[in-house]
Structure formats: structure tokens, C-alpha cells
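> Structure for the following, please:
(one chain, ligands or ions: 1)
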Amino acid sequence: HRLRDAIIAQVRGCPKEIDMVSWMGRTALEIIGQVGLGHSFDPLTADSDNKYGDALKSLTPQIDQVHELRRALPYIYWWGPAWFRRWMLKMVPNKHVQNAIPIVDVMDRKSREIFEAKVAAMEGGEETVLRQVEKGKDIMSILIKANNAASETDRLCSEEIIAQMSTFVFAATDSTSNTLARILQLLALHPEIQEKLRKEILEAHAGDHLPYDELASLPLLDAVCRETLRVYPPGTTLTREPRKDVVMPLSEPIRGRDGKMISEVPIPKGTEIIVGTIGINCSKALWGEDASEWRPERWLSPLPDALSNARVPGVYSNLMTFHGGKRACIGFKFSETEMKCIMSVLLTNFIFELSNKPIYWNVAGAWYPSVGKDSDQPQMPLKVSMYGGGSSG
Ligand code: HEM
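Residues are numbered from 1 along each chain as shown. Okay, the predicted model is just below:
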């Protein structure tokens, strides 16, 4: 509702060009802040100042520029005390590494501040815990409580808990907010689908409140989210390493340079394998000839047999967007629900149209939009106007 009110304050009276990726980023951070850390980062007003959010937003564009250097991190992580590693880092003659240092400092300081406040609230007893943002029910409070109750051998040290906070915020924010920005851009490009979706959500609104089960089962809203996550997965590639020598079977044989057919590949332990998410999400063999097209309607009829038979190992919907196996995303339902909630509020209040600025999507840890090809500033201006009375919540 704070997001809705902030945008209403900007567009009341006349349509405005609004940077929607910035609002989606702020909202996603606020949601994981409240639910994950029990902390409110951002009042979501037009003029509020949020150093943590700004730092988070600038981190990906910087660290993606030093992809090769990041490979050294697992080896130097153990070198000497922290002050020595920091000193070394300051010596690295690379502007992106130097830009990342103050960004990481802002995030680290905030995580420590939140952690210390949380521990102090727990020491203060039930009443102090209840005064916190999520009344002690957020993920970090639960983790700290479980950790205190764990045996000494299982217990995490405070540094490890603090590190989990950055993992959560980092994993939950850009992935979800950039997908939301992508959905808004696609709906602006396809006004007929935008209108159908708005109608579906409005019809489901019996009053001012849409219960979770109903929101979760709206077919077109579900289809729009799935289709966007299929064609535009925020992370285009991921890496995995086998822990022992393996022979990987290929789903179909390929011809080698010597002309012979190959149906399996031996992979030595420790080899870095790049898993191409889009390759499988948009495979014509599985999804049909129009596999690369964004067509939400495909989810409204039975999916192709080839897809069901392929047994794609992803945790979500025959897709590799959230990956599979033990290290798959643990927040996929969280992000799906978040996207549906935000879309239901935005579409029942606003109409989104393309502005005349060129939007370019940058491949990074999570794809992000910018205005023009040369900018590394996340930005996605859309023309926003009020829809009808605009009151649903
Ligand atoms: C569109 C949204 C999202 C996408 C596409 C996404 C995708 C992924 C992927 C592909 C991984 C595996 C990363 C790897 O192994 O290198 C991952 C891990 C993870 N995700 Fe998500 N994620 C999303 C949203 C979220 C949200 C909202 C949360 C938290 C509430 C979250 C929490 C995590 C965590 C904690 C991990 C690490 C799990 C582990 O290593 O055991 N993600 N995510």
C-alpha cells in the first residue's frame, strides 16, 4: 500500500514517466527486510533516503565487471587477518573493485547494526521482541533462536549469521525486482494482455482484500509470472562442479569435430560446468517452435508432452530459473507470491505504457534494465497513469 500511495502521489492529475525498476527494487528490499530480517529499510516515500538500498543497487553492476578476479576469492579468503585482506584489496588497481569497497562497507555495517539490535531485543525479553517490525517472527529471528538452542558443534558463529543476512537480501532483491520490472515492460508492450490481467484481478476482488489462495490461483496472473520467469530468467547462467569424476549423458547425441556422434561426456571432478538456464527454458524440442516468444497463454492449456517426459530437474514449473538439487533457490514461492501481490496492487491502480526512452537489458548476476546501451545505472522509465478510481489493496 505504501508503494501504491507513493506512485499515486506522483501521477495524480496527469500521467508521469516513472522509473519503475527503482520502485520495484525499493519494494523488494523492504519486503525481504521486514520478512527476512525484521527490519524496515525504506518508508517508500518519494523523498526517502536509503543508503543500504542504493548500495545494494550499485553492487551488481560493479562486481559483474570483475568476474575473472572473483574467481580468486575462494583462495585468498583464508589469507591472514581481515585487516590484511582489506589492505590487499585496496591495492588492487581496478576501479570496479575500489567502487565495490564502500558499497560492501555500507551493507556490512547495516547487517551488523540489525544483528546487534536483534540480539539486544532477545536479551530484553518477550516485550522488546514484540516491539520489533515482525514481532520476532522474521527469518533471522527464528534462525538466531534456533542457533542459540543448537548444540555447540552445530552452532553458527555471529559472523556466519551476519553473512546470512547479506545472502538473503542479495538473493531476494534484484532477482525479484528485475523480474517485476520485466513484467511491467512486457505488459506495456502488450496492452491487450495488461488489460485482460487487470480485469482478472479486479473481478477476483470481492472487496478491498484478495485472500492468498485466490491470488495464487488467478490463471492469467500465474501464467504471466511463469512465462516471464521462463523466457527471462534473472540469472542466465550458473556454475556447478562435480565432486567426483562423472560421465554425463547427453539428452540427444551431437556430432563431434571428427564427425563421430557423441552421446555422453566424461567430466573430471572439479570441472566448472556452466549451466545455461535459457537453453533449457527456451528449448524448441521441449516447448515447441515458438519457445523463445513471450506468450503467457501457453500456460493456460496443457503443456507439451515432450516437456513432461523430459523431467527437467528444476524446483519450479519445468524451469531451471530457480535451479534444482540441494542448492536450488529456497525463496521461489516467496518471490512468486511477492510478484503476484505487487502486480495485483499496481494493475488495479495504474496503467503502464512505454516511454520513448530506449530500454536495454544488461546481462549481469541478475539482468537489469538501463536507458541505452552504455549506461550501467539500473533504470526503466515507464509512462504511468491512474486507472479508474484506483483503490484496490
Ligand atoms: C525471481 C526471483 C528469484 C530467482 C530467479 C532466484 C533464483 C535462484 C537461483 C538460480 C539460486 C541458485 C544459485 C546458485 O546456486 O548459484 C538461488 C539461490 C537462493 N535463493 Fe533465490 N531466486 C529468487 C528469489 C529469491 C527470494 C525472494 C529469496 C528469499 C526469500 C531467495 C533466496 C535464495 C537463497 C537463500 C539462495 C541460496 C540457497 C543455497 O545456496 O542453499 N531467492 N536463487
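
> Can you list the buried residues in the helix or strand hosting residue 18?
If you go by DSSP states H and E, residue 18 is part of strand 16-19. Neighbour counts over strand 16-19 (16 or more other C-beta atoms under 10 Å) mark 18, 19 as buried. Bear in mind the C-beta positions are built from the backbone N, C-alpha and C, glycine included.

> Which strands and helices lie in contact with whichever helix or strand comes after it?
For strand 16-19, the succeeding helix or strand toward the C-terminus, using DSSP H and E, is helix 20-32. On a contact count with 3 or more C-beta pairs under 8 Å, 6 or more residues apart in numbering; DSSP states H and E, helix 20-32 meets helix 2-11, helix 51-63, helix 158-189, helix 332-347, strand 381-386.

> for the record, mean pLDDT for helix 20-32?
Across helix 20-32, the average pLDDT comes to 95.

> what do you get for stretch 343-363?
pLDDT averaged over stretch 343-363 gives 95.

> Convert it to PDB, retaining C-alpha atoms only.
What follows is stretch 343-363, C-alpha atoms only, in PDB (Å, rounded to 0.1, in the frame of the first residue of the first chain):
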ATOM      1  CA  MET A 343       1.200  -6.900  -9.600                       C
ATOM      2  CA  SER A 344      -2.300  -7.000  -8.200                       C
ATOM      3  CA  VAL A 345      -1.900  -3.700  -6.400                       C
ATOM      4  CA  LEU A 346      -0.200  -2.000  -9.400                       C
ATOM      5  CA  LEU A 347      -2.600  -3.100 -12.100                       C
ATOM      6  CA  THR A 348      -5.700  -2.300 -10.200                       C
ATOM      7  CA  ASN A 349      -4.500   1.300  -9.700                       C
ATOM      8  CA  PHE A 350      -2.300   2.200 -12.700                       C
ATOM      9  CA  ILE A 351      -1.900   1.800 -16.400                       C
ATOM     10  CA  PHE A 352       1.600   1.200 -17.700                       C
ATOM     11  CA  GLU A 353       2.800   2.400 -21.200                       C
ATOM     12  CA  LEU A 354       6.200   2.500 -22.800                       C
ATOM     13  CA  SER A 355       8.000   5.800 -22.600                       C
ATOM     14  CA  ASN A 356      10.100   7.000 -25.700                       C
ATOM     15  CA  LYS A 357      13.400   6.100 -23.900                       C
ATOM     16  CA  PRO A 358      15.200   3.000 -25.300                       C
ATOM     17  CA  ILE A 359      15.400   0.300 -22.600                       C
ATOM     18  CA  TYR A 360      18.400  -2.000 -22.800                       C
ATOM     19  CA  TRP A 361      18.700  -5.200 -20.700                       C
ATOM     20  CA  ASN A 362      22.200  -5.800 -19.300                       C
ATOM     21  CA  VAL A 363      23.300  -9.400 -18.700                       C
END
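
> I'd like the next helix or strand past the helix or strand harbouring residue 222.
In this structure, residue 222 sits in helix 219-231 according to DSSP H and E. For helix 219-231, the succeeding helix or strand toward the C-terminus, using DSSP H and E, is strand 237-240.
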